[in-house]
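# Provided below for reference: sequence and predicted model.
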Amino acid sequence: MKLLQVRILENEYWWGGSVNRGHEMPICENSVCSFDLLGDGETDQFSPLLVSSKGRYIWSEETFTVDAKNGNIEFKGTADIVLKDGFENLRGAYLAAMKEHFPFTGEMPDSLFWSVPQYNTWIELGTNQTTEGIINYAKGILEHGLPAGVLMIDGGWQEEYGVYEEFHKGKVPDPKFLVDELHKLGFTVMVWVSPIIASAGTRYKFLRDRNYLVRNSDGEIAVRKWWSGYSAVLDFTNPGAVAWMEEQLNILMEKYGIDGFKFDAGDTYFYKDDDILYEPTLARNHTLYFNKFGERYQFNEFRAAWKSGGRPIVARLHDKYHSWNEFGINTLIGHTVVQGLLGYAYNCPDMVGGGIIDCFDENTILDEELFVRWAQANSMMGMMQISIAPWRVLNLENSQRVIKAIKLHEKFGDLFLRLAVEASKTGEPIVRHMAYVFPDENFEKTNDQFMLGNEIMVAPVIEKGVTTKSVKFPTGNWKDQDGNLYDGNCEAEIPVDMDTLLYFTKC
């Protein structure tokens, strides 16, 4: 076991490691926290990197544990853990780490991800992904004045897990008709896929006999527990398994006109370090193999990613609760800025209002204020994803506010795309922490504002029932959307109502 102890400097702040811990950051002299990248609990997007406001960074080629207390951070891992310094500030530390360990290549996902909204059928339809339900959802989007965009058909469309090339005949009897209709309406169409194979399904024996499935240390096919039951898992270290899955997905594209794929699962907990594989590797590296597989498709999306900074993948935040404070909207900014600091520049917030389906059953009373504020915040985060239909679950006034936020996102599409193109070349995040753009201005603990590039500051309302918001302005002069001017280096208490999304352009 490798060990590194780092003394936290005075007024030094650290971010990184796990995106899902972003709302608990930064780590500073007074912090008491720990997380374990060695285990399977820190899933979704993670990377063996921490970056500091004092121009330092920590890197390892493998995972490590982080234990901060008494003004120190202790790192333990299976490979050498190195501290590098001399890069002045947070931006300098990130750029140095990025260039050394995960340089961007100029490749990026399709430009539509930034120029139009994304619509996902999951919360609206659950696993009942039928032709009628999907088309009605798409038509409802257009009928309520929203633009067509990228439409993701979520889990439930398949005959069974492992049958990639065919739709469920009872739900979607004519897939070509469905996809053609969606294309006519102006939508790009993606479908949900995963490396999961039904352990008693029609593909199981075929894949088992070719050694395309992960095996336990005792040589038996591994059957792993996940959120929908128990299933076998494809071995992505096996070129034959990779070629087989690519063939199935290509059938979907060629036969039905599917444009791309939402790659779900692939989390570390589906695998074990002692699994028998075509090419032995640690459990977490399966996530990386899955990321490498999916990046060949221009329309891709991943929730789980390991050490894939710089890769041309869309990284969507973990599903969040429909909540203000319990892993809900309170995590949105913190998680998004840490995505950028780990090299996941092509980042997507979770679905507006939250993505955990259990929050939206027939007994749920939605918090309409939360839904509106979530839409406003997401509208300025580069990508925006909607699932549950606002016109169905909100009153007319609040539904119109959400629709207004979606149209605002469309208005800024050219800027989002420009920043994405720049990210593909420079590695700089699209959504940036305030301290990233304005070092030495005491923004390290500002977690309710963010920068969109270097010129637009966004201060969404993420607290319930407030009528004013305190906004801290950096150096320079700033103009809001109504033309009001604000001097930099000050704080202003600004009135907000339900129609207010505060954002400011640097003059």
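All right, it came through fine.
# longest strand of this structure, counting residues only.
Scanning the chain for the strand with the most residues, using DSSP state E, yields strand 45-52.
# so how far is it off the chain centroid?
15 Å (Cα atoms, centre = their mean, to the nearest Å).
# so after the host helix or strand of residue 182, what's the next helix or strand?
In the assignment (DSSP states H and E), residue 182 maps to helix 175-184. Next helix or strand after helix 175-184 toward the C-terminus (DSSP H and E): strand 188-193.
# strands paired with that following strand, and their directions?
According to DSSP bridges, strand 188-193 forms sheet pairs with strand 150-153 (parallel), strand 260-263 (parallel).
# and the strands in the stretch 201-350 of the chain?
For the stretch 201-350 of the chain, the strands defined by DSSP state E, counting those that start in this stretch occupy 224-226, 229-233, 260-263, 300-302, 305-306, 315-316, 347-348.
# follow-up on the earlier one: and of the strands paired with strand 188-193, who's closest to residue 96?
strand 260-263 (30.2 Å; Cβ to Cβ). Using the backbone N, CA and C atoms, a C-beta is placed for each residue, glycine as well.
# distance of the residue nearest to residue 331 when sequence neighbours are not counted from residue 334?
Sequence neighbours aside, residue 23 is the residue nearest to residue 331 in space, at 4.1 Å (criterion: Cβ to Cβ, 6 or more residues apart in numbering). In this view, residue 23 and residue 334 are 4 Å apart by Cβ to Cβ, to the nearest Å.
# ok, now residue 425?
26 Å.
# more neighbours: these two, which one.
The residue with more neighbours, out of residue 425 and residue 334, is residue 334; 22 against 11, by other Cβ atoms under 10 Å.
# OK, contacts around the more buried one?
By Cβ atoms under 8 Å, 6 or more residues apart in numbering, the contact list for residue 334 reads 22, 23, 24, 25, 447.
# confidence score at the last one?
If you check residue 447, the pLDDT there is 96.
# just say helix, strand or coil for it.
Using DSSP: H, G, I helix; E, B strand; the rest coil, the structure places residue 447 in coil.
# go ahead and confirm it touches residue 23.
Yes - applying Cβ atoms under 8 Å, one finds residue 447 in contact with residue 23, separated by 7.5 Å.
# which stretches in the chain count as helices?
90-101, 112-115, 122-125, 131-143, 175-184, 204-209, 239-251, 285-294, 332-341, 368-378, 390-393, 396-411, 413-426, 434-437 (DSSP state H).
# could you export the third one as CSV, CA atoms only?
Read that as helix 122-125. C-alpha atoms of helix 122-125 as CSV (Å, rounded to 0.1, in the frame of the first residue of the first chain):
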residue,chain,number,x,y,z
TRP,A,122,-37.7,7.6,-18.1
ILE,A,123,-39.6,9.5,-15.5
GLU,A,124,-42.5,10.1,-17.8
LEU,A,125,-42.9,6.5,-19.0
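# on contacts alone, who are the packing partners of that helix?
helix 131-143 (3 or more Cβ pairs under 8 Å, 6 or more residues apart in numbering; DSSP states H and E).
# pretty sure residue 453 contacts residue 419?
Yes - using Cβ under 8 Å, residue 453 makes contact with residue 419 at a distance of 5.0 Å.
# what touches both of the two?
Common neighbours of residue 453 and residue 419, counting by Cβ under 8 Å, 6+ apart, are residue 430.
# of the two, which one has the most company?
Taking neighbours as other Cβ under 10 Å, residue 453 and residue 419 compare with residue 419 leading, 24 against 19.
# if I pick the more buried one, what's in contact with it?
114, 382, 430, 452, 453.
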